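Novice: pasting a predicted model and its sequence here:
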Protein chains: 2
Amino acid sequence: MKFSKDIATLCKEHGLRLTEPRKVIMQVLADSSDHPDAVELHRRVSEISPGVAIATIYRTLALLEEKGVLEKHTFGDGRARFESADQEHHDHFINIETGDVIEFRSDEIERLQEEIARQHGFDIVSHKLEIYVRPAKKGRRRAG
Amino acid sequence: MKFSKDIATLCKEHGLRLTEPRKVIMQVLADSSDHPDAVELHRRVSEISPGVAIATIYRTLALLEEKGVLEKHTFGDGRARFESADQEHHDHFINIETGDVIEFRSDEIERLQEEIARQHGFDIVSHKLEIYVRPAKKGRRRAG
DNA sequence: GTAGATGCAAACGGTTTGCGACAAT
DNA sequence: ATTGTCGCAAACCGTTTGCATCTAC
C-alpha cells in the first residue's frame, strides 16, 4: 500500500503523535500489497512489535480513516479492510476461491452510474462495486 | 416483497414445516415494501406474534436463503437485509439521508462488468453495486 | 411417534470503549 | 507538565448455537 507521504509527515500533518505502535502499523500497511483486515494486520504488527494491542490497531485505523488517509471497505464477510485513500477511485474483484481482492477501474461504469443516479434524482456521495469472481475456465460445465 | 408462490406452497416445496412463526415471518416479509434487517423484522413479527424469538427469525431467514427463496444483502452497516430472490437482478441506491434502499437495474452496467471481468480472466459469480446517494439539490453549496 | 422447529440464554466474532498508566511533545 | 496514546479487559452489537421442549407431520 502506498501512502502519499512518509509516515512521520503524515502524522505531523494530521496532528498525530509519532508513536512506536503507529510507526509499525503504518509501516506494515505500507508494506502490504493486499487488503488485510484488522486481525490480520494485528498479526503482522505483532511479529515486529509484540506488545501492540488490537484496540490500538482499531483506533489507529479509525483515526487514519477519519483523517482521510485510509479508506474502509467491508467485503461481505463482516470484517473491515483498509486501503490508502490517495489513490484514484477504483472498484474490486473478489476472487472467491482465494479471497484475493483485485482493483480495477472503469470510467464507463463510473459515468453510467452518474447518469442513472441523475435520472433517479440523486447525487452520488460514494459507491461500491464488488464483483465476486472465480478464474475463468473455458469449457467448464460443473463446479470442481 | 413478493414471493413467487404462496407461503404454504413455498414451505411444502422446500420440505419446511408450516409453523406459526414461519407463517408470520413470511407474511411480514411479503407485506414489507422495504428491506428490513433481522431486528426490525423481529419487531414487526412481534406485533403479530409476540412469542417469536429472534433466533427463530435468524434461523428462518438463513433457511430461506439456503433454499434460494431469499437473497441476503449487507449494506455497509453490518446488518443483513433480505429480499425475494425470484426478482430479476438489480442494484441499489442507498439514500444516506433517510436510509431508504431503492432498486435499479442497468443492463449496460451489467454488460460492462462481464466485459471487464473477462478482460481480467475472471468469471463473475455474483456482484454487488451500491450507490450511496442523497437527493439532488441544484445549486446546493453546503450541507444543510 | 418422530424428526424438525422453537424459545431461551449463553456463546460468538469483530469492533469499541472506560480506565489508569505511560510517553511524545 | 500536559495531553494524547497505550494496553487491558470489559462491553457492545449483530448473529449463531446448545439444549430441552414442543409440535407439524
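Specialist: Received it, and whenever you're ready, just let me know what you need. Numbers count the residues shown, from 1 in each chain, chains lettered A, B, ... in the order given.

Novice: what are the boundaries of the helices in chain A?
Specialist: Assignment of helices within chain A using DSSP state H yields the ranges A:7-13, A:20-31, A:38-48, A:54-66, A:107-119.

Novice: tally of neighbours for A:Leu41?
Specialist: 23 (other CB atoms under 10 Å in any protein chain shown). Backbone N, C-alpha and C define where each C-beta goes, glycine included.

Novice: that one contacts A:Thr60, correct?
Specialist: No - A:Leu41 lies out of contact with A:Thr60 (CB atoms under 8 Å); the separation is 9.2 Å.

Novice: what's the closest non-adjacent residue to A:Gly68?
Specialist: Distance criterion CB to CB, 6 or more residues apart in numbering or on different chains; nearest residue to A:Gly68, sequence neighbours excluded, is A:Ala85 at 5.6 Å.

Novice: how close does the one you found get to A:Phe3?
Specialist: Noted for A:Ala85: a distance of 9 Å to A:Phe3, by CB to CB, to the nearest Å.

Novice: quickly list what's touching both of those two.
Specialist: A:Val69 (CB atoms under 8 Å, 6 or more residues apart in numbering or on different chains).

Novice: give the contact list for the residue lying closest to A:Ile124 once chain neighbours are set aside.
Specialist: Excluding the flanking residues, the one nearest A:Ile124 by CB to CB, 6+ apart is A:Ala117, at 4.9 Å. Going by CB under 8 Å, 6+ apart, A:Ala117 touches A:Asp123, A:Ile124, B:Phe93, B:Ile131, B:Val133.

Novice: which residues do A:Leu41 and A:Thr60 both contact?
Specialist: Common contact partners of A:Leu41 and A:Thr60 (CB under 8 Å, 6+ apart): A:Ile25.

Novice: one step back: kindly supply the ChimeraX command isolating those of the contacts of A:Ala117 that are buried.
Specialist: Of the contacts of A:Ala117, the buried ones can be selected in ChimeraX as follows, counting by 16 or more other CB atoms under 10 Å in any protein chain shown:
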select /A:124 /B:93,131,133
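
Novice: narrow the contacts of A:Ala117 to those in strands?
Specialist: Those of these mapping onto strands are A:Asp123, A:Ile124, B:Phe93, B:Ile131, B:Val133, per DSSP state E.
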